[in-house]
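Student: Here is my input, please return the structure:
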Amino acid sequence: MTITKRRLLEGGAAAVAASLFAKASWAQRTGGDAAWPTKPVRILVGFPAGASPDLAARAIAEPLSKILRQPVTVENKPGASGNLVADQVAKATDDHTIGALINGNLTIAKLLNPAIPFDPEKDFAPVGLIGTAPLVLAVAGNAEGKSAADLLLWVRNLGSGARYGTPGVGTVGHLGMELIKSRAAITAQHKPYTGNPQVIAGLLAGEIQLALLPPGLALPHLKSGKLKAIGVTSPERSPLAGELATIRDADVRGADLEIWTALAAPASMKPAAVARLNGALVEVISSPEVAEALLKTGWQAQPGSPDALARRMRADTTRLGGVIIMKGIHSEA
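Tutor: Below you'll find the predicted structure:
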């Protein structure tokens, strides 16, 4: 076991008691429903099998079924960056349909596209985070310099001739880069691609000079020297990105950013059922076995209460919503 993994699992074990206390406290305040669920629970995922949110959902499904004593199934219904599934979850009325949704679905969807038929703030009952991950601010391997400060200077000196790639308009990679640009005096222009593999191909081919990438996709190219890293976007160093420093260490302040996936239920779901589900979720992702499984799929387990998820939803909506409004960004997804 690597030092990084050992630290993560030791930290997870140390957090179990606190997490279970938080779970118990939440259940006491809301009144956990020991009778729920009364039939199989469906977790809807708005991305294909093998995508990061799908892997997170599948890592928790079987352990949840053991605690809840009902089958927990994962159903993939890709489309519109997960917003089709988010709408189905928002409209579900059976108290047994929930969603493994990403931060875009639960925060900025309506700001990016007012035609989206659900309201992230009003139509969901937050259950709890499953996992979080930083992004890696990476540059082409031929970028001049080795230190983060030198690489940032190289990008700045390119001026508007620099381009950054993302998986599309309105994605976290797009909004995050616009936030970083405003904090780091960068004037790179946006070039959208169809996905992160295509973004990496663009970096390697010299079509673009800069991108925010998931650690699992970036690290192999960083290790080979084909790409260079300025840092990760999380407030602290992440076990998902080895020994990479943060962009804060490169003096880029106010641009902390993480992607995350969470369980959310319809707003109509009974509070007692939400409390019961949260308690089971916290127990599952607090276990070292599931924490390690999530780590292998690119997620750092983040057990917490519905209140904690609601606070993160509001904070991310404010931070990225400001970028959307300031830049006039609109998406049809």
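Student: Pull out the buried positions in stretch 212-227.
Tutor: Neighbour counts using 16 or more other CB atoms under 10 Å place Leu212, Leu213, Pro214, Pro215, Gly216, Leu217, Ala218, Leu219, His221, Leu222, Leu227 of stretch 212-227 among the buried residues. For glycine as for every other residue, the C-beta is placed from the backbone atoms N, C-alpha and C.
Student: Over to stretch 188-206?
Tutor: Result for stretch 188-206 [16+ other CB under 10 Å]: buried residues Ala188, His190, Lys191, Tyr193, Asn196, Val199, Ile200, Gly202, Leu203.
Student: Which members of the residues you listed occur in strands, if any?
Tutor: Per DSSP state E, strands hold the following members of the buried residues of stretch 188-206: His190, Lys191.
Student: And the helices in the stretch 1-150 of the chain, which stretches?
Tutor: Per DSSP state H, counting those that start in this stretch, the stretch 1-150 of the chain carries helices over the ranges 3-30, 52-68, 83-91, 103-106, 109-112, 148-158.
Student: just to revisit the earlier point, closest to Ala140 out of the buried residues of stretch 212-227?
Tutor: In terms of CB to CB, no member of the buried residues of stretch 212-227 lies closer to Ala140 than Leu227, at 6.7 Å.
Student: Go ahead and confirm the closest one touches Leu203.
Tutor: Yes: between Leu227 and Leu203 there is a contact at 6.2 Å, judged by CB atoms under 8 Å.
Student: got the domain boundaries for the chain?
Tutor: In the domain annotation for the chain, the residue ranges read 3-133+259-327, 136-241 (automatic domain parsing).
Student: For those domains, give me CSV that also has distance to Arg248.
Tutor: Output for the domains of the chain, formatted as CSV (distance: least, CB to CB, whole Å):
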stretch, distance to Arg248
domain 3-133+259-327, 15
domain 136-241, 7
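Student: which one of the ones you listed lies closest to Ala250?
Tutor: Ala250 sits nearest to domain 136-241 of all those, at 3.6 Å, using CB to CB.
Student: Pairing partners for the longest strand along the chain, with directions?
Tutor: As assigned by DSSP E, the longest strand anywhere in the chain is strand 124-134. When pairing is defined by DSSP bridges, strand 124-134 lines up against strand 258-266 (antiparallel), strand 300-301 (antiparallel).
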